[in-house]
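**Q** Sequence and predicted structure below; questions after.
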Amino acid sequence: MSGESRRGRETIDKVNRTAAEAQAASLADIAPELGQFIVDFAFGDVISRPGLDLRERELITVAALTALGNARPQLLAHIAGALNVGATPRQVVEAIIQMAVYAGFPAALNGIAAAKEVFAERGVAVDPPV
């Protein structure tokens with residue numbers, strides 16, 4: 001296993017192994033290389049870089065996916081990932097609300113709907129804003 005693959009797998013294990021395994025399985029019969037690119041490049045080269053911790057990176061990813069507005073499966077996985085690496089539900093909600101300014105209210109509303117789904121699956125509540 002290459003260094004990038006090892007580092008990518010270690011990072012995936014911290015963020016969201018379940019989602020990564022499901023994604024790899026969905027690609028196995030048609031584009032297994034794409035799954036390996038995600039492990040090696042996205043998680044091995046980029047997400048595991050120094051300078052930001054995994055919680056910060058996952059919150060940024062939640063914001064970006066919210067702004068895109070067309071990546072609900074990935075948004076759900078990264079909301080779960082943000083929680084897995086120490087983000088609070090309130091931090092996830094705040095990252096999504098911030099996107100109302102830059103990506104519009106529809107994108108933010110869809111992001112909040114995704115967050116509600118993940119929070120309900122996990123049985124977590126959002127603390128009120130301070």
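**A** Arrived safely.
**Q** Mind telling me what element the closest residue to Ala114 other than its chain neighbours is part of?
**A** Leaving out its chain neighbours, the residue that sits closest to Ala114 by Cβ to Cβ, 6 or more residues apart in numbering is Leu75, at 4.9 Å. C-beta coordinates here come from the backbone N, C-alpha and C atoms, glycine included. Secondary structure assigned from DSSP states H and E places Leu75 in helix 72-84.
**Q** C-terminal to that helix, what's the next element?
**A** helix 89-103.
**Q** Going C-terminal from that next one, what's the next secondary structure element?
**A** Downstream of helix 89-103 (by DSSP H and E), the next one is helix 105-122.
**Q** Counting by contacts, list what that following helix packs against.
**A** helix 54-68, helix 72-84, helix 89-103 (3 or more Cβ pairs under 8 Å, 6 or more residues apart in numbering; DSSP states H and E).
**Q** about what we covered before: which residues sit against the helix holding Leu75?
**A** The contact list for helix 72-84, computed with Cβ atoms under 8 Å, 6 or more residues apart in numbering, reads 14-16, 18-19, 23, 55, 58-59, 61-62, 65-66, 89, 91-92, 95, 110-111, 114-115, 117-118, 122, 124.
**Q** what about the residue nearest to the spatial centre of the chain, distance to Val118?
**A** Geometric centre of the chain, nearest residue: His78, 1.6 Å, by Cα atoms, centre = their mean. Counting by Cβ to Cβ, to the nearest Å, the separation of His78 from Val118 is 9 Å.
**Q** Give me the domain ranges for this structure.
**A** The chain breaks down into these domains under automatic domain parsing: 1-49, 52-123.
**Q** Distance from the shortest one to the middle of the chain?
**A** For domain 1-49, the distance from its own C-alpha centre to the chain's C-alpha centre is 13 Å (Cα atoms, centre = their mean, to the nearest Å).
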